[in-house]
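> Predicted coordinates and the sequence they were generated for:
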Amino acid sequence: MKSKNLLLIAIFCAIFSACWSPKKSDSSSTSSSKSPTPESTKKDTNSDTKTDEKTNKDSDKKMDDSTKTEVKSVGFTANLPSGFTPPTDAVGQKMLKEYGAMFVAKNGVVPPPKVVFNNESEVSSWQSGISKSSESIGGATIELQTPAVKALKEAIADAKQNGANISPNGGSDAARRNYAGTVTNWKSRVDPGMIHWVSKGKITQAEANRIKALPIPEQISEIFKLESQGIFFAKDLSKSIIYSVAPPGTSQHISMLAFDVKEHANSKVRDIMAKHGWFQTVVSDLPHFTYLGVSESELPKLGLKKVSDGGRTYWIPE
């Protein structure tokens, strides 16, 4: 009986051992080569999603940056052309402030690389490298940068359809000019102005002769000094010369982005010119229009501000 009981106990232990060992083995196997649980799979999926989202955001950012290279919305200085040399002298800084709208012109045109050209050679060298076109308008040969000519022709056609006319004020001189032309225009204001102010006793004849004999860059500085004292050289002698003619080497006409319009007094003409990218940018220079190549709504993005004078709208650097 006792041996029978021992035999039963031995059989029971053998069965128990056989049942228990596989479970232990499975447990050990699971911990050493563990398959991903639903929770860990979810975590990995979230990580992949975040990576994809980051990639998409980076791609969107690059696209935004690429768009901003055309028309930036961060002010005038940021929209100046690549390679532009900012002026460090008082005359250059003044002219950039007054005439600077042309330097942010778009739509395929090339603004000048600096504010003041010093001589005929510099002007000729720069103009020769620019794409330009000629067109006979109002009996005069008009030469401008190619996109500006195209826009002007469209404006002229638009005006005709609306019962108006757009023609050059002053013949071919209404468009492209060379350095010598800007010197001639400058003297047409300085010389009579000197005669007038000498007769009024504001300056002596000796002082007038001294200033007229100076090299052009020095003469410009001297004229500006006199104007700071209220001795003006515009055609009517009531305001600065820069609102009548440009100092030599600074005219927007050198850039081949300016056109003087005979019918400038007609508000319909001014509106049509603006519709085709042509705006007034030199305060009180009534016939003068500048090709900027954008719509009016985009001008503030280029760092230009609207100024009203005499019932007209001008756009100048902010």
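On my side now, so go ahead.
> From here on, just use CA atoms for contacts and neighbour counts.
Noted.
> So which residues of this protein form helices?
Under the criterion DSSP state H, helices of the chain are mapped to 2-32, 38-68, 90-99, 120-128, 146-161, 179-199, 205-212, 216-227, 267-275.
> And the fifth one, what does it pack against?
Translated: helix 146-161. For helix 146-161, the contact count by 3 or more Cα pairs under 8 Å, 6 or more residues apart in numbering; DSSP states H and E identifies strand 132-137, helix 267-275 as packing neighbours.
> try 10 Å this time
With contacts taken as 3 or more Cα pairs under 10 Å, 6 or more residues apart in numbering; DSSP states H and E, helix 146-161 sits against strand 132-137, strand 140-145, strand 258-260, helix 267-275, strand 278-279, strand 288-291.
> any chance of these in CSV, with mean neighbour count, distance to Y179 and mean pLDDT too?
Below are those laid out as CSV (neighbours: other Cα atoms under 10 Å; distance: least, Cα to Cα, whole Å; pLDDT from 0 to 100):
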stretch, mean neighbour count, distance to Y179, mean pLDDT
strand 132-137, 15, 17, 98
strand 140-145, 22, 15, 98
strand 258-260, 27, 15, 98
helix 267-275, 19, 27, 98
strand 278-279, 27, 23, 98
strand 288-291, 27, 18, 98
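> how near is F117 to E263?
Going from F117 to E263 by Cα to Cα, to the nearest Å gives 30 Å.
> Distance across stretch 83-93, terminal residue to terminal residue?
17 Å.
> Would you reformat the helices and strands packed on helix 146-161 as a markdown table and include distance to G75?
Converted to a markdown table, the helices and strands packed on helix 146-161 look like this (distance: least, Cα to Cα, whole Å):
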| stretch | distance to G75 |
| --- | --- |
| strand 132-137 | 28 |
| strand 140-145 | 25 |
| strand 258-260 | 23 |
| helix 267-275 | 21 |
| strand 278-279 | 18 |
| strand 288-291 | 19 |
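> Just tell me which of these ends up closest to K153.
strand 132-137 (8.6 Å; Cα to Cα).
> Parallel or antiparallel, which strands does that closest one pair with?
Strand 132-137 has these partner strands in its sheet, going by DSSP bridges: strand 140-145 (antiparallel).
> For the partner strand, which outside residues touch it?
When contacts are defined by Cα atoms under 10 Å, 6 or more residues apart in numbering, strand 140-145 is touched by residues 108-111, 127, 130-137, 149-150, 152, 167-177, 253-259, 291.
> do stretch 125-136 as well
Stretch 125-136 is contacted from outside by 108-113, 117, 140-150, 152-153, 172, 176-178, 254-256, using Cα under 10 Å, 6+ apart.
> so where's this structure uncertain?
1-73 (pLDDT under 70).
> could you dump stretch 192-202 to PDB, C-alpha only?
Output of stretch 192-202 as PDB, limited to C-alpha atoms (Å, rounded to 0.1, in the frame of the first residue of the first chain):
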ATOM      1  CA  PRO A 192      19.200 131.600 -64.100                       C
ATOM      2  CA  GLY A 193      18.900 131.000 -60.300                       C
ATOM      3  CA  MET A 194      22.300 132.500 -59.700                       C
ATOM      4  CA  ILE A 195      21.400 135.600 -61.700                       C
ATOM      5  CA  HIS A 196      18.200 136.000 -59.800                       C
ATOM      6  CA  TRP A 197      19.800 135.600 -56.300                       C
ATOM      7  CA  VAL A 198      22.700 137.800 -57.100                       C
ATOM      8  CA  SER A 199      20.300 140.500 -58.200                       C
ATOM      9  CA  LYS A 200      18.400 140.100 -54.900                       C
ATOM     10  CA  GLY A 201      21.600 140.500 -52.900                       C
ATOM     11  CA  LYS A 202      21.300 137.000 -51.400                       C
END
